Each structure stands twice: as C-alpha cells, then as structure tokens.
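Asker: next comes the sequence, and after it the predicted model I'd like to discuss.
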Protein chains: 2
Amino acid sequence: MNLILLSPADLEGDSLARVRDPRRLAHLHRVHRARPGDRLTLGVEGGGIGRGELLSLDEHEACFAIDALDQLPPPALPVHLVLALPRPRMLARSLEHVTALGVKHITLLHSRRVEKSYWQSPELATEKIQAHLVLGLEQARDTTLPAVTLAKGFRPFVEDRLPELLAERRGLLAHPGMPRACPRGLSDPTLLLVGPEGGFIPWEVEQLLAAGCEGIHLGPRILRVETAVTALLARLF
Amino acid sequence: MNLILLSPADLEGDSLARVRDPRRLAHLHRVHRARPGDRLTLGVEGGGIGRGELLSLDEHEACFAIDALDQLPPPALPVHLVLALPRPRMLARSLEHVTALGVKHITLLHSRRVEKSYWQSPELATEKIQAHLVLGLEQARDTTLPAVTLAKGFRPFVEDRLPELLAERRGLLAHPGMPRACPRGLSDPTLLLVGPEGGFIPWEVEQLLAAGCEGIHLGPRILRVETAVTALLARLF
C-alpha cells in the first residue's frame, strides 16, 4: 500500500478522511506501523494524489488531515487488454500486475481453451475484481480504476465488439509462432490480445488475424499468462 | 509442464526414461490426462529436448520411449540477476518467472530493507529453490538450470564480488528516481540489480553507483518485485 486509496465515502469535506475497513486498518497497523503525526501518501479514486497527516488511529478508524490532493496519477498505458479468462488465482494476480503497470481497459474473453467453470468462479464477482484492481492501484500509487468487461462468447466478441475496438487502435495478437517479434516502445493506441494457457485455437487465431490484428510473439519460451502479460506490456510500451 | 524435465537418474540408457515422483506423475494423470501412446515433449537436465512416447503410466511410474533429444534449449538471457532477497512467497514466484524468462545466473543479496528473518526461511533450502527453478524450466521448455548463489552481506558483496562481475558486464541498477529510463533491446552481458520492497537505501545506491553501475528506472509507478523483475527483463532484452 504505497498510496492509501480513498473512496469518496471516506472523505469528510476537503480536508478530512476516515478509513474504517479492516484491510486498510490492519495494513496501517502492521505494515506501516503508523502513528499519529505520520505523513502518508493519499489519493482519491478517480482523482488526485497528495499527502496527509495521520491524526488518530485505533482498531476502528484512522483519521487523516489531507493536504491538497493536487498531483496527477501516473500516466496510463495506451492499451486495451483483451485477456482470455485465466484460472481464478492467475486472474487475481494478473489483474494486480496489469493494474499496477497502468492498464485502464481490460476485457476478459472466452475462448475454446478457457474452462467453462472459470466463468462461475467467485473471483469474477464485481467486488472481488474491484479488490484486485485496488491492490494494483495502491501498489503503483495510482487512483484511476481500470474498466473491466466480460466477453463470454468468442464469436460475438469478434463480430460485434472487435471492429469498433480496432477502428481506433492497432490490434496485436500475442501468440506463439506468429511471424513477427513483439515490437518495442509503442505510444499509439493499441489493442493487445493474449490467449489462455495452451493458446488460442487455430480457428480463433484465424478469426483475429482476419479481423485485422497483427500476430506477434515473445520468442520460443512458453510463459505463464501472468508472466507473458507483464512481459508484453513492458516490452510494447 | 510444457516439457517433462528428466534428471539423469530418470534415464535408462539412451532410449528409456522412468518418471516416479508424485508431482510429475500427478501432473501427467490430472493435467495431461496422458495415455499410453501419447507423444510428449521431454528434455534432460543440462541437455537436449525431443519427443517421447508414453509406454505405460500407473500410480507408481510413467515409462517413456525417447526419440533423439537433439534439439537445443531456447537461448538464455545475457544477464546475471542480483535480487535483494524478497519475502518467501515473492521469492518463489520470482524464481519461477525469471527462470521461465531465461535467466541463468541469480544472486540473492542482503540489503538494509531485507528482513533478516527471510534468510531463515525454509524457501531458501537448496531443494526448495531447485523445485521452483524446475517449474520455471518446465513452463518455458528449457533444460538449463540457473545457478543461484546467496550473498548474505551487502558490503562483502560490493567489495569482493561486484568488481569481478562488472569486469565483463554492464551493471544496471534498477531503482526509482534514477535519471535514465530503462534501455531496450540489449544483447551485451549485463548485471541487473533489483532492490527489495521499499528499495535500496541511499547509502547502498551510492555504493552501487560508485562501483560502476548505471542507475535506471521503469517510470513513476512503484511495482512489486516480481512484476518489476519481469518488466525489466522484458524491456532490457
């Protein structure tokens, strides 16, 4: 928690914030070992970042006097990430990694090699997803929550949503064996598609290429989804 | 397990291999759902890669007929990674990520912000470290185990080991706030140093810079060690 992310409900006017949930309180007690008088980094969801002085801390509440929250959050990556739904634990970690790296648009996509049971996972509940996004923001000192959408059908995604996404973005399909190495240092709007463990099936690859995506690869090594996504984002941008 | 990594003890001459440990057997049964006649990718520790036919599989043993193991493992990264010892769970995942990415030389370093208790963790036992390296190799279809060394004193490392490491390598210190952005697409031998959660302390940064390392940063976002290491390796090489 390199930044204490305040929700609008935590604020009392412009100058006071009260944190009452057990997770953040426990972190302030155990990790920060915070004491009244400490100055910590605060940010408000969707807003600015600044410092605040801890006025009081007990087991029920931390109260902060906020300085101006006048710093901007760090820049976002110019990417919309389309990720074949990983298994639940991998999903949790991948959401934290990509949020910390600055991804603001995430679509979780069904594909042939995604086990149908993954769509029933409690990890897909809105509040569970939100919890992982918040962890990523707190890690990276960011305040802008990513938007996460679910695309439970591959064909409807390709037919109905992909054309408009590609209208304003360069589409890159990361898939082993594609002819072109992953490009470096992009700054233009990009749609990055990453398959499931085992990859997109050939028919899905064909559909994505036919829709206008370019195939790229990360070399001969087969990486876990969470490693691959981090590596792709770091190399691309 | 995208490759079944055989130890020399698993081999019976050039053409047969017997796998008997519960982990690999369980994976063959439950994930691969392997049956006699299936052809799987095999590799031998420190050696080549090829295919083998599963001759038999029961709860005690899998027996393979090996084709020639005549393919080379994927190329290694030209890096020696010096990582301030992370907390145990982060260490486990970081070892798997960096091994999958192709790192072959890893030094785990003490620094001021490494909790001393981490050096007592069971995760540092040779066989525990080896287990994570093997998982990384199996993931990436590699056979060359990384060498892992422990440097339990910061000052002895800087005085006694760092000069010879830097004699043949470009030293890069990844640290927030350094003036230069992480370079891209290197191919020369590199020593990459990554600090603990909270970073190297200023005195440590001074020592490393004075020894000849260049300071580099990954931008304003503060990343977890496992995310940062993967991002650095993907961007550098």
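Answerer: Okay, I see it.
Asker: which parts of chain A are strands?
Answerer: Ranges of strands in chain A, per DSSP state E, are A:4-6, A:11-12, A:16-19, A:39-44, A:49-57, A:62-66, A:79-84, A:105-109, A:147-151, A:170-174, A:180-181, A:190-194, A:214-217.
Asker: what would those strands look like in JSON lines with mean pLDDT?
Answerer: Converted to JSON lines, the strands of chain A look like this (pLDDT from 0 to 100):
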{"stretch": "strand A:4-6", "mean pLDDT": "96"}
{"stretch": "strand A:11-12", "mean pLDDT": "94"}
{"stretch": "strand A:16-19", "mean pLDDT": "96"}
{"stretch": "strand A:39-44", "mean pLDDT": "96"}
{"stretch": "strand A:49-57", "mean pLDDT": "96"}
{"stretch": "strand A:62-66", "mean pLDDT": "97"}
{"stretch": "strand A:79-84", "mean pLDDT": "98"}
{"stretch": "strand A:105-109", "mean pLDDT": "98"}
{"stretch": "strand A:147-151", "mean pLDDT": "98"}
{"stretch": "strand A:170-174", "mean pLDDT": "98"}
{"stretch": "strand A:180-181", "mean pLDDT": "97"}
{"stretch": "strand A:190-194", "mean pLDDT": "98"}
{"stretch": "strand A:214-217", "mean pLDDT": "98"}
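Asker: in CSV, list those along with mean neighbour count.
Answerer: For glycine as for every other residue, the C-beta is placed from the backbone atoms N, C-alpha and C. Putting those into CSV (neighbours: other C-beta atoms under 10 Å in any protein chain shown) gives the following:
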stretch, mean neighbour count
strand A:4-6, 23
strand A:11-12, 15
strand A:16-19, 18
strand A:39-44, 19
strand A:49-57, 17
strand A:62-66, 20
strand A:79-84, 24
strand A:105-109, 22
strand A:147-151, 15
strand A:170-174, 21
strand A:180-181, 10
strand A:190-194, 24
strand A:214-217, 17
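Asker: can I get those strands in CSV including distance to B:Gly48?
Answerer: Listed next are the strands of chain A as CSV, based on distance: least, C-beta to C-beta, whole Å:
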stretch, distance to B:Gly48
strand A:4-6, 50
strand A:11-12, 62
strand A:16-19, 57
strand A:39-44, 52
strand A:49-57, 53
strand A:62-66, 59
strand A:79-84, 32
strand A:105-109, 37
strand A:147-151, 41
strand A:170-174, 28
strand A:180-181, 25
strand A:190-194, 30
strand A:214-217, 23
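Asker: quick one, what contacts the residue most central in space within chain A?
Answerer: By C-alpha atoms, centre = their mean, chain A has its centre lying nearest to A:Thr99, at 2.7 Å. A:Thr99 makes contacts with A:132-133, A:135-137, A:140, A:142, A:146, as judged by C-beta atoms under 8 Å, 6 or more residues apart in numbering or on different chains.
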